[in-house]
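Q: this is a predicted model, with the sequence first.
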Amino acid sequence: MQQDLAEVLRGIAQQHFKGVLITVSIVKVTPDLGLARIALSVFPATSQDEIMKWIREQKGYIKDQLVHRLKGQLRVMPDLEFFLDDSLDYRDNIDRLLRGEGESPIN
C-alpha cells in the first residue's frame with residue numbers, strides 16, 4: 001500500500017506541484033482496516049502547509065486512485081488520514097542544538 005500510494009502522490013506532484021517531492025514515510029493501518037494513517041514528507045518545506053491542505057481536500061480522489069491500483073489486494077479500503085512527518089525537522093533541530101547553535105531549551 002505504501003509503494004502504491006507513493007506512486008499516486010508522485011503523479012499528483014508532477015501534475016500539480018512542479019519541483020515538489022512528496023514522500024510517504026509511514027503507513028499504519030488499523031487492524032480492522034478502517035483507517036490508514038499516512039505520514040508524508042514534503043520538500044521543499046516552504047510549501048508544506050499548502051500541499052498538505054490540498055492533499056487532504058483531494059483525499060477522495062487519492063483513495064479512488066489507490067483502489068484502482070490495489071484491485072483485489074485488500075478486502076476493505078481504509079479511510080485515509082494524512083499528516084505531515086516532521087521527524088526530519090525535529091532531528092535537524094536536535095543536531096543543531098547539540099552543535100551549540102541556537103537557544104538551549106534548558107536555560
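A: Okay, I see it. Just so it is clear, the model here is predicted, and its values are computed rather than measured.

Q: C-alpha only now, for contacts and for neighbours.
A: OK.

Q: average pLDDT across stretch 79-88?
A: The average pLDDT for stretch 79-88 rounds to 86.

Q: which pLDDT value goes with residue 52?
A: Looking at residue 52, its pLDDT is 92.

Q: so how many other residues sit close to residue 5?
A: Look at residue 5: counted by other C-alpha atoms under 10 Å, it has 21 neighbours.

Q: then the one 5 residues further on?
A: Using other C-alpha under 10 Å, residue 10 is surrounded by 17 other residues.

Q: was I right about it contacting residue 22?
A: Yes. Residue 10 is within contact range of residue 22, at 6.6 Å (criterion: C-alpha atoms under 8 Å).

Q: strands along the protein, start to end?
A: For the chain, strands defined by DSSP state E occupy the ranges 21-29, 35-43, 79-84.

Q: would you turn those strands into a markdown table with distance to residue 59 and mean neighbour count?
A: Formatted as a markdown table, those follow (distance: least, C-alpha to C-alpha, whole Å; neighbours: other C-alpha atoms under 10 Å):
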| stretch | distance to residue 59 | mean neighbour count |
| --- | --- | --- |
| strand 21-29 | 15 | 17 |
| strand 35-43 | 11 | 18 |
| strand 79-84 | 7 | 16 |
